[in-house]
Every structure is written in structure tokens, then in C-alpha cells.
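Q: no sequence on this one, just coordinates:
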Ligand code: NAD
């Protein structure tokens, strides 16, 4: 199947080329992000392979469909960037990689929490300047702290397990669907409000849907435990960034670790070190001493990249062979709450 790969980074090319060592797929790598301006690059291709910040709205899908594209292969789990109803109307299949390595994201989440809690990035920056003073670096034990896990699917369940069994945190959870792995750990399910109100740390692992957009807003922050930590390695728009900044200024929010940001498509995955960044909200966020941000890298392990590449090519093989699509996503599925 002739596939146009968008938003290609060197590691995408490396792992997809390795997975395609038998040469069954014709892959054309484009660095450009897929959007209205670049969609014509896919003319004559049967498939496009895309990532989290490629935009597949009805207009883009129109151009893709007219150019002969009949499948969108997401090399990620989330599919909030695809208008699934519009894809279905145009007869375009959408496939994804539902679970490439939940451990990659879960371990990174715990790493971010530790880095935030114990001020590890600030300490490292000081040591590089030969500043070994410890003032301002006081953390708190994770042991015994109450952590609220919002979304207990594949990633959230691993985070909950690591924090409960590894660190001895008191973990509570919120999810419309109870995961038996969580209940087996003795972790109680509570309402989202109760989790917000009673937790020292909130970590987000639910998908971005109309129901979860700005789940952490001014109201949620006002109801939370003063000084709580927020960790988001899920999707940026789960958090209202303006409300978060207000919460940091009022000290209601005690610390934030983000791997995702609601306007990240204008920033992440690119080297902007010589550019003027015009997003004032993002720039303000970076000024707080108790905020750490990474550029959507929680998935970035060798294991996950190999898995993504292999599953993506297997998804394309299924379409080419007319087999049932194990990893399809449809608008009906979007309406279902689990989305896993
Ligand atoms: P999953 O589908 O296995 O689990 C998601 C869980 O969220 C499900 O149990 C679902 O019932 C629950 N959920 C849905 N709506 C909810 C709500 N309103 N409140 C609470 N829970 C709700 O997904 P996963 O593999 O665990 O991934 C979780 C998210 O992590 C993905 O949606 C994706 O956005 C994000 N992700 C980020 C990265 C990264 O690199 N930062 C990588 C992979 C995935």
C-alpha cells in the first residue's frame, strides 16, 4: 500500500523503515504536518500515516479522499484530531495503535511526578552552575500521599499500581468504567469531584472527549485540595491552561508537570530555539518555579516506537488484504465512553 507518512521525524523514519524491512510497503516520508495546506501531498497515495498533531478535519479529509486516500493510519492511541464522522462519510477507514506501550507513558508520568516533587530539574540546573545550595529544593515524600488517578485504562492502571505498590501512596480513582485490576489492588472508585477534593496529587489518564475537555478548570481547581500537584501526560485540552495559571498564582495549585499542552500543535516536536514564541499563555506557564513541561515525549521509548511501527504496518496490511480491522476507530466508538 502506498502510504504518505506525515509529521515524520528521524525516529519515525528509522523505526518504520526497520518494520518494513521486507519492503512490502511503499512509504513516502514527509516532514510536514498534515493540514489543509499540505493535504495535496497525499494525492495518489492510498493511505496516510499521521500523528497526534496532524489535523484531519472534514476539509482535509475531502482533499485526501479526492486524491485517492482510503485509509488513515494513526501512529498513536488518541484520535481526537480526526473527524471520525466525516471520515466515515467519505469511506475512509481510520486505524490506530491502541496500546503500543502503556508502560512507557506510565513510567514517564511517575518520573515527572518525582522530578516535580523533588525539584530534580532545578537541582540539576544549579549543580551545572556549581551551585550546591539546597534552599528552595525541599520536597515531600510520595509515600503516604493521596493520589487521584482520573482514567484507569491501560496507562492509568499501571500508574496506579506503581504508585500504590512501589511508593506506598494512598491511591483513589475515577472512571465511568471500573477496571478490575484497580479494584483488585484495593483502590476505591470515587466520583471525579471527590477525587479532586481529597487528593494531594491528580494525574490525568483519560482521553480527550467533549466530556473531558477542560476537566481541570477554574471550578475544579477551586474545589481541589489547596496546594495539590497536577500531572498531565494525557491530552493538553483536559486542562484549561488559563485557569491553571490563575490557580498557580493563587497558590491553590502547588505544582504542575505537563507532557501535553492544549495549543501544543504550534510548538511541540519542533526546534524553536531560534524563534520568537508568540503563545503568551505557554510562556507564562514556563515562568513558574513549580511547573515542569516536556514536549509530548512520554511515549518515546525504543519499545514503543518499534511497537507503533509494527502495528501501523500490520493495520495497513489488514486494509490492503480486506481483512477485518482489529484497530479501527469509528464515530460510534467515540460515543462509547471507554474508547480503548
Ligand atoms: P485507555 O482507553 O486504555 O483508558 C482511558 C480510560 O479513560 C478508560 O478507562 C476510560 O473509561 C476512561 N475515561 C473516559 N472518560 C473518562 C472520564 N470522563 N473520566 C474519567 N475517566 C474517563 O487509554 P490509555 O491507553 O490508558 O491512554 C490514556 C490517554 O493517554 C490517551 O487517551 C492519550 O490521550 C494519552 N496518551 C498520551 C501519550 C503521551 O505520549 N503523552 C501517549 C499515549 C497516550
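A: Everything's here; your move. Source: prediction; values computed, not measured.

Q: Check the gap between residue 214 and the ligand for me.
A: Here residue 214 is placed at a distance of 12 Å from the ligand (Cβ to the nearest ligand atom, to the nearest Å). (Each C-beta comes from the backbone N, C-alpha and C, glycine too.)

Q: That residue is in contact with residue 238, isn't it?
A: Yes - Residue 214 lies in contact with residue 238 (Cβ atoms under 8 Å); the separation is 7.3 Å.

Q: out of these two, which sits in the busier spot?
A: residue 238 (24 against 17; other Cβ atoms under 10 Å).

Q: Is it correct that the more buried one is in contact with residue 206?
A: Yes - the pair residue 238 / residue 206 is scored as a contact, 7.1 Å apart, by Cβ under 8 Å.

Q: For the stretch 151-300 of the chain, list the residues in contact with the ligand, please.
A: Residues of the stretch 151-300 of the chain lying close to the ligand by Cβ under 6 Å from any ligand atom are 151-156, 174-177, 205-207, 211-212, 233-235, 259-260, 296, 298-299.

Q: thinking again about what came up before, for residue 238 and residue 206, list the residues in contact with both.
A: Common contacts of residue 238 and residue 206 (Cβ atoms under 8 Å, 6 or more residues apart in numbering): 212, 215.

Q: just the helices in the stretch 51-200 of the chain please.
A: 58-66, 84-89, 102-117, 120-128, 154-161, 180-184, 192-198 (DSSP state H, counting those that start in this stretch).

Q: for the stretch 201-340 of the chain, same thing?
A: Under DSSP H, counting those that start in this stretch, the stretch 201-340 of the chain gives helices at 218-223, 241-249, 280-286, 302-321, 331-335.

Q: wait, which of those is closest to residue 65?
A: helix 302-321 (14.8 Å; Cβ to Cβ).

Q: If you compare the directions of that closest one and helix 102-117, what angle comes out?
A: 140 degrees (axes from the mean of the first three to the mean of the last three Cα atoms, to 10 degrees).
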